[in-house]
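> Quick one: sequence plus predicted model below, questions after.
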Amino acid sequence: MSGASLTLVKSAVDMAAPPTSTSLLRAARTKKMAAAYPKSDIAVHLKDHYSSKVFTTSSPVTGEVTITTRREVAFDAIQILLQGTTKTVFDGMNAAQRVTHTFLKMIMPVPDEIYPGPKVLVPGQTYTIPFHFVIPGQLTINACNHKRLSDQLQDQHVLLPPSIGGWERDDMAPMMAQVDYTIVARVVRDDVVGGAVKRTRIMEATRTIQVLPATVEEPPLNITDKDRIYRMSKTKTLRKNLLATKLGRLTAHAAQPGPAILSADARRVMAHPMAHVSLTFDPESPRTLPPTITSVTAKLTAHTYFSSGTISSLPNLGVWQQEQQPYSLDRRGYFSTSTALPTTHLAAQPAWTPLATPRRDSGYSDSDSPTSPLTGNNNNNNNNTTTTTNKTGGLLAKTTTTLVLPLALPTARKTLLPTFHSCIASRVYTLHLTLHLRVRGAASTVALVVPLQVGVEGAAGFQDHQQQQDEDAAVVVSAPPPPPPPPGLGLGLPSFEEAAADEFFRPRVLRVPGEGGEGGEGGEGEAGFVSGGSAGFVLGLGSQGGAVPVGELPPVYGEAGYRRRVD
């Protein structure tokens, strides 16, 4: 044991020893030979580029590739391409399991006029080849051709993902998931091996760029109880202490906030999201006042999903680990990290308003048949019911209010990547809202978790999308109203509401057996009654010539004494 320690110490001393004259002479000779015989080199140079530059949708990527050789090099082609890859890493028994998915490959055509005559690179000469790419708005359909549970997922997978890794600020992503955009330059030669043509890379150079593609606003998520990472509503029983009686029940429900729109470089927030939380307080006693909201704390959580195989559903909906198919060799990973947002202190308490439950309409009118033997005197009954409800106060004891909370995102210390879903990696965000409140001196909290979409403005992003919506709205507002249809034609199809109303008020024939032995069931002594919707049972049709026979339809309402027409 001591011998090993001595060996380690001796090695450390040798490494820390100053270089001798022999090593300095060898280094100088190597440098001189490198200057006399330059090494073959290929490099990618970007125009007007700097370390923190970010490309977005429709951004041009221009530059040139320079090639120098120290000897003659025969080649067949020079390739310049823009390549996008997603890489995931999982721990294995002996070595790490790495998966690479190439979702983008744009090839820059090199004209034959740029190549030297015999396609041989002459030593001592520098060859310069310009290139020009444009970041696309989306991928081709072939970029996502795996099995999916919905067509909506393919629409997400053909959108460009943002760069993951390589940012100056923390992008809240693990090292196990990475998205790279790279300019690749190659000098290749085709060799015939065993009767087959094999392409050999003679020289290759790469240059990585950072990309934040522009995105558009997605519709709200259809969140169910199976979606574990979200909690849109919460009901809590308020007590003064653990052994005290209940003071009431507080129900908090949050609506999905609008998207957070970032600038093209993700350094500024162009549109801050607003959280809307509705509160409903149901006290146990009329003397119990609604709780006092002292403050609201929030934190932003970034969820990164990655897999060794293709993802067939949205990973943030449902249970990510349990959705894996049995006996599948694909491995799934999940990483989340949170950052605190500034605390919101209310300048004034919100106004609580009584929540009145409207009376359910029975569907029958009271004014049409006030003395009907079937309906009775409905006016008196309804008035008594409403008055009783108001006097008891059971339904009107609830109070409600709504909180509108502005959210400040930490773009100064974090790089917020836009929300995206790709074939083997995804990124989503959640907002954790905690309401701190007091009721009768007792403190309590209510926690909610809502989804938050993060987007990036750009040439095809939120700004143009909103501008197009405003233009469409302006066109609709400024358009003159359509001329009324000519009277008497009646050729137009009714709208959905008109069709529903006509179906609701369509007369129906009911058969009532005769009384006193006059007319049996289905006999001639039966009287026909027409029932409507909210108009109730329409009686007295015999004023126009007696009751309507059962086997006949009611008369046309256009005649005297009738109001509507039979369909």
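Happy to help now that I have it.

> low-confidence ranges in this protein?
Across the chain, the ranges flagged by pLDDT under 70 are 1-39, 321-328, 356-396, 459-501, 503-567.

> Which stretches in it count as helices?
Applying DSSP state H to the chain gives helices spanning 2-16, 21-36, 151-157, 378-392, 462-478, 496-504.

> How is this structure partitioned into domains?
33-211, 233-356+389-475, 502-567 (automatic domain parsing).

> any chance of the ones you listed in a markdown table, plus mean neighbour count?
Yep, even glycine has a C-beta here, placed from its N, CA and C like the rest. Putting the domains of the chain into a markdown table (neighbours: other C-beta atoms under 10 Å) gives the following:
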| stretch | mean neighbour count |
| --- | --- |
| domain 33-211 | 15 |
| domain 233-356+389-475 | 16 |
| domain 502-567 | 13 |
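
> Ok, which of those comes nearest residue 226?
With C-beta to C-beta as the measure, domain 233-356+389-475 is the member of those nearest residue 226 (5.4 Å).

> and residue 398, how far is that from residue 231?
Distance of residue 398 to residue 231, given as C-beta to C-beta, to the nearest Å: 22 Å.

> Residue 112 now?
63 Å.

> what do you get for residue 336?
Taking C-beta to C-beta as the measure, residue 336 falls 15 Å from residue 231.

> Quick check: bridge partners of residue 77?
Applying DSSP bridges to residue 77 gives these bridge partners: residue 188.

> just residue 104 next, same as before
Beta bridges link residue 104 to residue 84, judged by DSSP bridges.

> With residue 435 instead?
Going by DSSP bridges, residue 435 forms beta bridges with residue 296, residue 446.

> what's the spacing between it and residue 340?
16 Å.

> for residue 251, same thing?
Separation of residue 251 from residue 340 (C-beta to C-beta): 26 Å.

> now swap in residue 423 and tell me
From residue 423 to residue 340 the distance is 33 Å (C-beta to C-beta).

> just residue 295 next, same as before
Distance, residue 295 to residue 340, using C-beta to C-beta: 13 Å.

> could the domains of the chain be laid out in CSV, adding distance to residue 226?
CSV is the format used below for those (distance: least, C-beta to C-beta, whole Å):
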stretch, distance to residue 226
domain 33-211, 14
domain 233-356+389-475, 5
domain 502-567, 37
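
> How about the contacts made by the residue lying closest to residue 97 once chain neighbours are set aside?
Once flanking residues are discounted, residue 97 sits nearest to residue 90: 4.4 Å by C-beta to C-beta, 6 or more residues apart in numbering. Contact partners of residue 90, counting by C-beta atoms under 8 Å, 6 or more residues apart in numbering, are 96-97, 99, 176, 308, 331, 333.

> just residue 105 next, same as before
Residue 105 makes contacts with 81-84, as judged by C-beta under 8 Å, 6+ apart.

> Make a markdown table out of those and add distance to residue 202.
Listed next are these as a markdown table, based on distance: C-beta to C-beta, whole Å:
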| residue | distance to residue 202 |
| --- | --- |
| 81 | 16 |
| 82 | 21 |
| 83 | 19 |
| 84 | 24 |
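
> my guess is residue 315 meets residue 425, correct?
No. With contact defined as C-beta atoms under 8 Å, residue 315 does not count as touching residue 425 (9.4 Å).

> Report the beta-bridge partners for the closest residue to residue 240 other than its chain neighbours.
In space, and not counting its chain neighbours, residue 240 is closest to residue 442: 4.5 Å by C-beta to C-beta, 6+ apart. Assessed by DSSP bridges, residue 442 has beta-bridge partners residue 439.

> which residues touch residue 442?
Each residue near residue 442 by C-beta under 8 Å, 6+ apart is listed here: 238-241, 247.

> what do you get for residue 74?
Residues in contact with residue 74 (C-beta under 8 Å, 6+ apart) are 119-121, 189.

> Mind checking which of those are in strands?
Judged by DSSP state E, these include 120-121, 189 as members of strands.

> which one of those sits closest to residue 51?
residue 121 (30.9 Å).

> Skip the chain neighbours and tell me the closest residue to the closest one.
Nearest non-adjacent residue to residue 121, counting by C-beta to C-beta, 6+ apart: residue 73, 4.2 Å away.

> Spell out which residues sit in contact with the one you found, please.
Residue 73 touches 40, 120-121, 187, 202-203, counting by C-beta under 8 Å, 6+ apart.

> Output those as CSV; include the columns distance to residue 104.
Below are these laid out as CSV (distance: C-beta to C-beta, whole Å):
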residue, distance to residue 104
40, 29
120, 32
121, 29
187, 22
202, 25
203, 23
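
> between those residues, which is nearest residue 169?
So of the contacts of residue 73, ranked by how close each gets to residue 169 (C-beta to C-beta), first place is residue 203, at 34.4 Å.

> Tell me how far the closest residue to residue 110 other than its chain neighbours lies from residue 318.
Leaving aside its chain neighbours, residue 110 sits nearest to residue 78 (5.3 Å; criterion: C-beta to C-beta, 6+ apart). Note on residue 78: its distance to residue 318, by C-beta to C-beta, is 48 Å.

> and if you look at residue 183?
Separation of residue 183 from residue 318 (C-beta to C-beta) stands at 38 Å.

> for residue 350, same thing?
In terms of C-beta to C-beta, residue 350 sits 35 Å off from residue 318.

> so how far does stretch 186-206 reach from one end to the other?
Stretch 186-206 has an end-to-end distance of 9 Å (C-alpha to C-alpha, to the nearest Å).

> what's the answer for stretch 155-171, then?
OK, stretch 155-171 end separation, C-alpha to C-alpha: 25 Å.

> Adjust the sequence numbering to begin at 338 for everything that follows.
With the count now opening at 338, the last piece we talked about shows up as stretch 492-508.
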